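Enquirer: Mind looking at a prediction? Sequence and model below.
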Amino acid sequence: MTMLRFAAPLLLVAAAPAADPYLWLEDIEGPRALEQVKAWNAETAARLTQDPQYEKDRARAKAILDDEAQIAGPDIIVGDRVLNLWRDAKNPRGLWRAADLAGYTAGRPKWTTLIDVDALGKAEGQSWVWHGARCLEPDYTRCLVSLSPGGTDADTVREFDLSTQRFVDGGFVLPQSSQSAAWIDRDTLLVARDWGAGSLGRTGRPRIAKVWKRGMPLSAATTVYEQGPELTPIGVSAYVDATMRRPVVRAGKTFFDSDFLFRVPSGAFVKLPLPERADVVDVIDGRAIVRLNRAAAGQPAGALVAYPLDALDRGEAPRAEPVFSPSPTQAVEEVEATDGTLWVKVLDDVSGKLIALTRGADGRWAQRAIPLPANSTIHIVGASGKRDMAFATVEGMLTPPTLYSVSAQGPVAKVQSLPARFDAAQFDVTQRFATSRDGTKVPYFLVTKKGAKRPGPALIHAYGGFRNAQTPTYLTDQPYRAGPLALTFVERGGAYVLANLRGGGEYGPRWHEAGLREKRQNVFDDLHAVGDDLVRTGVATKKRIAISGRSNGGLLVGAAMQQRPDLYGAVIAGSPLEDMQRYTKMSAGALWIDEYGDPDKPADWAFMRKYSPYQNVKAGVRYPPVLFYLSTKDDRVHPGHARKLAALLKANGNTVYYNEYLEGGHSVGADHAEDARRAAMLQAFLTREIGVGK
């Protein structure tokens, strides 16, 4: 990082008044704002990179992240081939490559490079970041490849020929936009994007879907769906089962409630009549599989039901058929369909289980539990429709990931297992439950080093929102986008905690709704309960507990540090929301009104005002030292959130560390080198502020 002296001293204020003195920091690429960012970056680098362990930690993190002993996940399965994006030290942006499915399943893949993303970016003068591909069955020769400049959500889409391994001359090209695209057939696309003035909604995301035919100018595309600018965005995709491709427009009414419009044989897009807040998760045997987020159709919230789509094709209203209902301790987290099997990953007290569902001639769905290791985190990472096969990874905090292939009736086969990166015998991992203020039992996972002195320092990572469950993964990949931070922290005597707060999806819709809008204080109380439980049980002491969160989790830790400065000793806030009074006016913020509330409505602002971090900095209170990390290129959560709270905290005499990366988008960090630097800086911050390793 370039070392710079501080810009002019910031104005001392105790809290953000009506006339926001730091509004200028919302100017993302403004010279004055960037000068301040560079100064903060330089100060943070000077303080943290001088730590005696910094360079060793950075090099170790980089080696772990670049290690070629990685799971080469089946990103897409196209007929008899597997497509994968591979990143390592030589290819930081990645190689998009293909291998034969049989060799891959046997654990002996022979890869052929299709696109070298680093070389492509160099040749085209762009800092390309891979955003994925969508390929057209049944021959799978043509794909729509998405590339983002610098990692923003907005990307470009270009047609690629797998047989020639080249972009198609004169093929489909969609210029940079917030957009989605799906094949209707080889010569027709369904597209939602920025079509020009007035075509985006209040969130800056698409609100119009069009059909675009090969050979026509993009301006000649035909509108098939349009919604008002006040609603949440639309997106397009396609579901494919053994019978046909079914293009779909997903039209957001709120963040958690959408209309699903399926293309019927006439070419029209017809709405599937679903209950409120239900989601289509896949299609199998001509049936849309729908997850209910509220009780409906005689089924409880969290259940799966099926809607026969042939009725929709005939102009009739399909009736729901029961498929699967989770128990009170379970939540359906992932669903993937192959030609004859519906694969369902459930959480059971935050432990993963994989179930295969098959529909009998009588219309009933039989279920079979797939024998994968218990007490693990499981993810469905790919599926082959015609072979009726799925791939799943299994891991734990002390158990490195293993990739399995599974079939509905056949055996479970190990495809690839990663070697251990550390001696697991030196650590203990347990699941505990803290009691929140209203009596709710809140689960958390605790990792400690055997023989380490207790009480000692602790690091709690949490999220608590948007139905996103936090599940335990291998320590070298915890917490999210912080590389092996959890491993080095525990090795040096700290206790690492992954907390499962309300607002997430660990127990299905009820767990999420318990943290929505005016109930958000439940989420903060859950975090405080975990921290207090660590103190009560002798794991840690007050002021030596660090809290970490990203995005919505950044809002969580921003509010928590203000509510309990007596409990926490350090705060890590990544890509955070912090100014809840203006969040709907910043980047994609208006998308999340359904989660947080609308600050322009007095009744909503009345409860949001109580926790919004930027509005709750109090004069004379010393808050825990906080480290913000984020990206200038983040077009999802505006960098102004972190910038403004950092400025206000510093002006009020608090200790602030700040690191803003130029690239990387909302995920922060465009490559492993940036991730490694961040991991080492975070460890140095924790060493400095709560004494881990001392």
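Expert: Yep, that arrived. Nothing here was measured: the structure is a model prediction, and the numbers come from that model.

Enquirer: Spit out the contact partners of residue 574.
Expert: By CB atoms under 8 Å, 6 or more residues apart in numbering, the residues touching residue 574 are 481, 482, 548, 549, 550, 551, 553, 554, 628, 629, 630, 668. In short, each C-beta sits where N, CA and C put it, glycine included.

Enquirer: wait, the third one sits on residue 479?
Expert: Same thing as residue 548. Yes - in this structure, residue 548 is within contact of residue 479 by CB atoms under 8 Å, at 5.5 Å.

Enquirer: just to revisit the earlier point, just send the contacts of residue 574 back as a markdown table, with secondary structure too.
Expert: Shown next, in a markdown table, are the contacts of residue 574 (DSSP: H, G, I helix; E, B strand; the rest coil):
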| residue | secondary structure |
| --- | --- |
| 481 | coil |
| 482 | coil |
| 548 | strand |
| 549 | strand |
| 550 | strand |
| 551 | coil |
| 553 | helix |
| 554 | helix |
| 628 | strand |
| 629 | strand |
| 630 | strand |
| 668 | coil |
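
Enquirer: pLDDT check: weakest of these?
Expert: Within the contacts of residue 574, the minimum per-residue pLDDT falls on residue 481 (74).

Enquirer: I figured that one hits residue 677, correct?
Expert: No - contact criterion CB under 8 Å: residue 481 and residue 677 do not qualify, at 11.9 Å.

Enquirer: Just want to know which of these two has more residues nearby.
Expert: Using other CB atoms under 10 Å as the criterion, residue 481 and residue 677 rank with residue 677 on top: 23 against 18.

Enquirer: mind listing the helices in this protein by residue range?
Expert: Ranges of helices in the chain, per DSSP state H, are 31-48, 54-66, 101-105, 117-124, 309-313, 485-491, 509-513, 521-536, 552-563, 593-596, 602-608, 640-651, 672-690.

Enquirer: circling back: residue 548 and residue 479 - which one has more neighbours?
Expert: A direct count of neighbours by other CB under 10 Å for residue 548 and residue 479 places residue 548 higher, at 30 against 25.

Enquirer: Give me the pLDDT for the nearest residue to the more buried one once chain neighbours are set aside.
Expert: Leaving aside its chain neighbours, residue 548 sits nearest to residue 572 (4.0 Å; criterion: CB to CB, 6 or more residues apart in numbering). With respect to pLDDT, residue 572 scores 98.

Enquirer: Next one: residue 572 relative to residue 204, how far apart?
Expert: Distance from residue 572 to residue 204, counting by CB to CB, to the nearest Å: 28 Å.

Enquirer: before we move on, back to that, my guess is the residue nearest to residue 548 meets residue 685, correct?
Expert: Yes - between residue 572 and residue 685 there is a contact at 7.3 Å, judged by CB under 8 Å.

Enquirer: I'd like the contacts of residue 574 written out as JSON lines, with distance to residue 179 added.
Expert: Shown next, in JSON lines, are the contacts of residue 574 (distance: CB to CB, whole Å):
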{"residue": "481", "distance to residue 179": "25"}
{"residue": "482", "distance to residue 179": "30"}
{"residue": "548", "distance to residue 179": "33"}
{"residue": "549", "distance to residue 179": "29"}
{"residue": "550", "distance to residue 179": "25"}
{"residue": "551", "distance to residue 179": "22"}
{"residue": "553", "distance to residue 179": "27"}
{"residue": "554", "distance to residue 179": "27"}
{"residue": "628", "distance to residue 179": "30"}
{"residue": "629", "distance to residue 179": "28"}
{"residue": "630", "distance to residue 179": "24"}
{"residue": "668", "distance to residue 179": "22"}
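
Enquirer: And residue 572 and residue 204? Which one has more around it.
Expert: Ranked by neighbour count (other CB under 10 Å), residue 572 and residue 204 place residue 572 first, with 26 against 17.

Enquirer: ok, that one - contacts?
Expert: Shown in contact with residue 572 (CB under 8 Å, 6+ apart): 482, 546, 547, 548, 549, 557, 626, 627, 629, 682, 685.

Enquirer: Just the buried residues of those.
Expert: For the contacts of residue 572, a burial check counting by 16 or more other CB atoms under 10 Å picks out 482, 546, 547, 548, 549, 557, 626, 627, 629, 682, 685.

Enquirer: Leaving out chain neighbours, which residue sits closest to the last one?
Expert: Sequence neighbours aside, residue 627 is the residue nearest to residue 685 in space, at 4.9 Å (criterion: CB to CB, 6+ apart).
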